[in-house]
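S.K.: no sequence for this one, just the structure:
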């Protein structure tokens, strides 16, 4: 086998395992089965587009973790995980999308082999890739085990980033700057949206110098006009038009790490109410960044932004951001803390958020956002460098 | 509201609803809750990158279906679904990634409003986007309901494509031809893999003439050398090298419809064993296409291929293909029938498969595949038009 090109040092993986085990002990868990692809990658290095079949990581309180998945993907696991091949297990293709067998029957055998069939086992109940059926089969196969909901247990350990991780996010941010500039420069009336998105992909995957582009966990979001009043519509082949706003919600990606950013462009002369909203939004973002400091809470960011908007007569509720870093589709958020009024997570240096105080109005959308790093002291540091404003092309 | 640009005729949606209801009656179901994004789109037209939050379609035995999801995405639902706004329901952001509330509590209220809280309700137990937690909450909220596993109930209705759907898949195939040719033409020693993938994305999203490119449900798979012995590794920034094989597993996408294809290129002089495997593979594929005719079964395709390979002294087991069509990440397969020895699905005109008899050996991989249409009579029709062979660049 050729030497592995692991993204992180062994010390970094050791740190992650130790941190996760401390959380397991606090939660009274003997073993966790981790299905979130981001958590799998964070703990073991595993990287592959194989999360559409059942796979995961078993981590007990001692020894190296075990990667478990489809046999054909165990080959990829041995090429991307830091553990020895003895800690990579594959199940046969007869388990894949079968109505007679389920991969969790195979997993149960491995859990028994670990002597853990009577233990307290944490599973990620609320995860895209841990289906209702998977849980039902695992519970049936291991009647002596006590299953506990360990949703987001690993995700929470990822909230404060290491220096190595922050350097990856900074690299992703350089790609983000490039793709947002590409979109802003190319956008013009008559350009088909898919042709614009083709340029965005090209710029992002080429990357910047030796910072090669990985695939972002969300596709480019680039809606115009009324489509921009909805948050998550994807592109089509219609040409861009004068008199419409288009928002770009994009992220560069470096070795699975993200730095999302949104900017909005208006082709033509924006209406007065949009310019007024822009002024309020920018003032609100500045207030939010000021509030995003160590010792404050996530809700302080949301409240600082909303207070400014209220002053300008704009009502904005809902979630205004989330932690970002390592991720796989379908979401680049980490799904732990939220920037919203009811969330009281205390900010610490090394946390990274997509601060996302977008405005979706009745007839247009205005997205201006920042990926921010919480620092030792002072306001948060925006990691991208695109001008913060509504862009206008007359 | 502007007129909707629905991908299909209302007749087509009516056909789908009627077909699904017949399956519901056969399964003794009063109501189904459909979470698979492809099934949602197939039934209602809903299209958006919002499947990372809980959403779905409620379909009873009468009346129009109901799309249900996050409030901000209900705006997109009203722009993409064929139903009236009265059949689109949104839940508030306070349910999103909350540890106190769960969206299924809101859904349960809608099911009660339909008078279905005591009925037999089908849910997709084995689906990426129906979590173990979601099921647990829904069961708890509706103690009088009888929950049944309706996994793949809608997917099976999608197996035989309509004429409208086949025309979309043919369009996707034209894009596929373009992206595979792009990859084959650009590949050369020294080219960074991410730079190649940038060209692949660019070609695929631009599309062909007025066939604009949508995002495929799987990212470009382009592994080289030892990485190609694993099935699902994604790219990095390393340059392509002489003396290595690279396989391209790619699909064009037109309005969410796919036509995947794989071809392999060797830079330099391929080893004799790879050329021997190529000859066996091509002969086996021809035999498989011949066997892929109306009235035969999926296993007949697999057996025809394997018999040829066995004659050449190559052992190949496992799954060799799956139905394709409408899809969302993380998979472009439909997850119903499989081309494998133990699957006895009878082939009918209008079925479309990715016939995927790839070979992953100890030190290289050889992928040569076809998207095929089962026809009224005779062998299956390959929908793409790239030469079927191992490509070699000396």
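M.R.: In hand now; what should we look at? Since the model is a prediction, treat every value here as computed from it, not as a measurement.
S.K.: Which parts of chain A are helices?
M.R.: Listed in chain order, the helices of chain A (DSSP state H) span A:10-26, A:37-44, A:71-80, A:103-113, A:132-141, A:153-157, A:163-186, A:193-206, A:272-291, A:298-311.
S.K.: how about those helices in TSV, adding distance to residue B:166?
M.R.: For glycine as for every other residue, the C-beta is placed from the backbone atoms N, C-alpha and C. Putting the helices of chain A into TSV (distance: least, C-beta to C-beta, whole Å) gives the following:
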stretch	distance to residue B:166
helix A:10-26	48
helix A:37-44	33
helix A:71-80	30
helix A:103-113	33
helix A:132-141	31
helix A:153-157	42
helix A:163-186	34
helix A:193-206	22
helix A:272-291	44
helix A:298-311	49
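S.K.: got those helices as a markdown table, with mean pLDDT columns?
M.R.: As requested, the helices of chain A are exported to a markdown table (pLDDT from 0 to 100):
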| stretch | mean pLDDT |
| --- | --- |
| helix A:10-26 | 97 |
| helix A:37-44 | 98 |
| helix A:71-80 | 95 |
| helix A:103-113 | 98 |
| helix A:132-141 | 97 |
| helix A:153-157 | 98 |
| helix A:163-186 | 98 |
| helix A:193-206 | 98 |
| helix A:272-291 | 96 |
| helix A:298-311 | 97 |
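S.K.: between the ones you listed, which gets nearest to residue B:67?
M.R.: The closest of the helices of chain A to residue B:67 is helix A:132-141. By C-beta to C-beta, the value is 20.8 Å.
S.K.: list the helices and strands that closest one packs on?
M.R.: Packing partners of helix A:132-141 (3 or more C-beta pairs under 8 Å, 6 or more residues apart in numbering or on different chains; DSSP states H and E): helix A:103-113, strand A:146-149, helix B:132-141.
S.K.: Now do the closest residue in space to residue A:240 that isn't next to it in sequence against residue A:200, distance only.
M.R.: Excluding the flanking residues, the one nearest residue A:240 by C-beta to C-beta, 6 or more residues apart in numbering or on different chains is residue A:191, at 5.1 Å. Using C-beta to C-beta, to the nearest Å, residue A:191 is found at 12 Å from residue A:200.
S.K.: before we move on, what about residue A:239?
M.R.: For residue A:239, the distance to residue A:200 (C-beta to C-beta) stands at 16 Å.
S.K.: How about the contacts made by residue A:230?
M.R.: By C-beta atoms under 8 Å, 6 or more residues apart in numbering or on different chains, the contact list for residue A:230 reads A:223, A:360, A:365, B:48, B:72-73, B:75-76, B:79.
S.K.: at 7 Å instead, please
M.R.: In this structure, residue A:230 makes contact with A:223, B:48, B:73, B:75-76, B:79, judged by C-beta atoms under 7 Å, 6 or more residues apart in numbering or on different chains.
S.K.: Which residue is the nearest non-sequential neighbour of it?
M.R.: Nearest non-adjacent residue to residue A:230, counting by C-beta to C-beta, 6+ apart: residue B:76, 3.5 Å away.
S.K.: quick one, which of the helices of chain A is nearest to residue A:90?
M.R.: Taking C-beta to C-beta, helix A:71-80 is the member of the helices of chain A nearest to residue A:90, at 3.2 Å.
S.K.: In terms of secondary structure, what does that closest one contact?
M.R.: Here helix A:71-80 touches strand A:88-91, going by 3 or more C-beta pairs under 7 Å, 6 or more residues apart in numbering or on different chains; DSSP states H and E.
S.K.: and the strand it packs on, average pLDDT?
M.R.: Here strand A:88-91 scores 98 as its mean pLDDT.
S.K.: Please apply the same query to stretch A:374-385.
M.R.: Taken as a whole, stretch A:374-385 has a mean pLDDT of 96.
S.K.: do the same with stretch A:338-345
M.R.: Here the average pLDDT along stretch A:338-345 is 96.
S.K.: Next, the buried residues of it.
M.R.: For stretch A:338-345, a neighbour-count test (16 or more other C-beta atoms under 10 Å in any protein chain shown) marks A:338-341, A:343, A:345 as buried.
S.K.: could I get these as JSON lines with distance to residue B:287?
M.R.: Shown next, in JSON lines, are the buried residues of stretch A:338-345 (distance: C-beta to C-beta, whole Å):
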{"residue": "A:338", "distance to residue B:287": "56"}
{"residue": "A:339", "distance to residue B:287": "59"}
{"residue": "A:340", "distance to residue B:287": "59"}
{"residue": "A:341", "distance to residue B:287": "64"}
{"residue": "A:343", "distance to residue B:287": "60"}
{"residue": "A:345", "distance to residue B:287": "60"}
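S.K.: Looking at those, which is nearest residue B:317?
M.R.: The closest of the buried residues of stretch A:338-345 to residue B:317 turns out to be residue A:338 (C-beta to C-beta; 46.8 Å).
S.K.: What residue, apart from its backbone neighbours, is nearest the closest one spatially?
M.R.: Nearest residue to residue A:338 in three dimensions, chain neighbours excluded: residue A:319, at 5.0 Å (C-beta to C-beta, 6+ apart).
S.K.: got a list of what residue A:218 touches?
M.R.: A:331-332, B:49.
S.K.: if you look at stretch A:86-101, does any of it touch chain B?
M.R.: Yes: applying C-beta under 7 Å from any C-beta of the partner chain, one finds stretch A:86-101 in contact with chain B at A:93, A:96-97.
S.K.: So between residue A:191 and residue A:200, which is more surrounded?
M.R.: When residue A:191 and residue A:200 are compared for neighbours, residue A:200 comes out ahead with 24 against 15, by other C-beta atoms under 10 Å in any protein chain shown.
S.K.: and the closest residue to residue A:125 other than its chain neighbours, how many neighbours does it have?
M.R.: Distances taken as C-beta to C-beta, 6+ apart put residue B:133 closest to residue A:125, at 3.9 Å, once the chain neighbours are dropped. Counted with other C-beta under 10 Å, the neighbours of residue B:133 add up to 21.
S.K.: quick one on the thing from earlier: surely the residue nearest to residue A:230 meets residue B:48?
M.R.: Yes: between residue B:76 and residue B:48 there is a contact at 4.3 Å, judged by C-beta atoms under 7 Å.
S.K.: Spell out which residues are contacts of both of the two.
M.R.: Shared contacts of residue B:76 and residue B:48 (C-beta under 7 Å, 6+ apart): A:230, A:232-233.
S.K.: ok, now which ones touch the closest residue to residue A:327 other than its chain neighbours?
M.R.: Leaving aside its sequence neighbours, residue A:327 sits nearest to residue A:217 (C-beta to C-beta, 6+ apart; 4.3 Å). If a contact means C-beta under 7 Å, 6+ apart, then residue A:217 has A:258, A:327-332 as its contacts.
S.K.: Now intersect these with the strands, please.
M.R.: Using DSSP state E, the subset of these located in strands is residue A:258.
S.K.: Turn the contacts of residue A:217 into a markdown table, columns for neighbour count.
M.R.: A markdown table is the format used below for the contacts of residue A:217 (neighbours: other C-beta atoms under 10 Å in any protein chain shown):
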| residue | neighbour count |
| --- | --- |
| A:258 | 29 |
| A:327 | 26 |
| A:328 | 23 |
| A:329 | 23 |
| A:330 | 21 |
| A:331 | 20 |
| A:332 | 25 |
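S.K.: Would you mind naming what in the stretch 201-350 of chain A lies close to chain B?
M.R.: A:201-202, A:205-207, A:210, A:212-213, A:215, A:218-219, A:221, A:226-227, A:229-234, A:236-237, A:318-319, A:329-331, A:335, A:338.
S.K.: Just the buried residues of those residues.
M.R.: Neighbour-count burial (16+ other C-beta under 10 Å) applied to those gives A:201-202, A:205-207, A:212-213, A:215, A:218-219, A:221, A:226-227, A:229-234, A:236-237, A:318-319, A:329-331, A:335, A:338.
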